[in-house]
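Participant: Return atomic coordinates for the entry below.
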Amino acid sequence: MSVVSVVRSVNKITSTITVTPSEFMILQDKTIEEKRLNLALCLRRF
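Facilitator: Coordinates of the predicted model:
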């Protein structure tokens, strides 16, 4: 269910905002890097 909702929200965003594939990849890379940083910070706390 969560994956479907995420896909729907992404489709809404992409339909409203036209983004070139390269820009979309950059956005994806940024979000992945943020997730990695968050994971690293969480692991350091333990």
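Participant: residues near Val10, how many?
Facilitator: When neighbours are counted by other C-beta atoms under 10 Å, Val10 registers 11. Where C-beta positions appear, they are placed from N, C-alpha and C, glycine not excepted.
Participant: quick one: Leu43 and Leu37, what's the gap?
Facilitator: Here the criterion is C-beta to C-beta, to the nearest Å. By it, Leu43 lies 11 Å from Leu37.
Participant: whoops, Gln28 was the one
Facilitator: For Gln28, the distance to Leu37 - C-beta to C-beta - is 15 Å.
Participant: Check the average confidence over the longest helix along the chain, would you?
Facilitator: Of all the segments assigned as helix in the chain under DSSP state H, the longest by residue count is helix 21-45. For helix 21-45, mean pLDDT rounds to 77.
Participant: which of the residues in stretch 32-46 are buried?
Facilitator: Within stretch 32-46, no residue is scored as buried using 16 or more other C-beta atoms under 10 Å.
Participant: Just the CA coordinates for that stretch, please, in CSV.
Facilitator: What follows is stretch 32-46, C-alpha atoms only, in CSV (Å, rounded to 0.1, in the frame of the first residue of the first chain):
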residue,chain,number,x,y,z
ILE,A,32,19.6,8.6,-1.7
GLU,A,33,22.6,10.5,-0.3
GLU,A,34,20.3,12.0,2.4
LYS,A,35,19.1,8.6,3.3
ARG,A,36,22.6,7.3,3.6
LEU,A,37,23.6,10.2,5.8
ASN,A,38,20.6,9.7,8.0
LEU,A,39,21.4,6.0,8.3
ALA,A,40,25.1,6.8,9.2
LEU,A,41,24.0,9.3,11.9
CYS,A,42,21.5,6.7,13.3
LEU,A,43,24.2,4.0,13.4
ARG,A,44,26.7,6.4,15.1
ARG,A,45,24.3,7.0,17.9
PHE,A,46,24.3,3.3,18.9
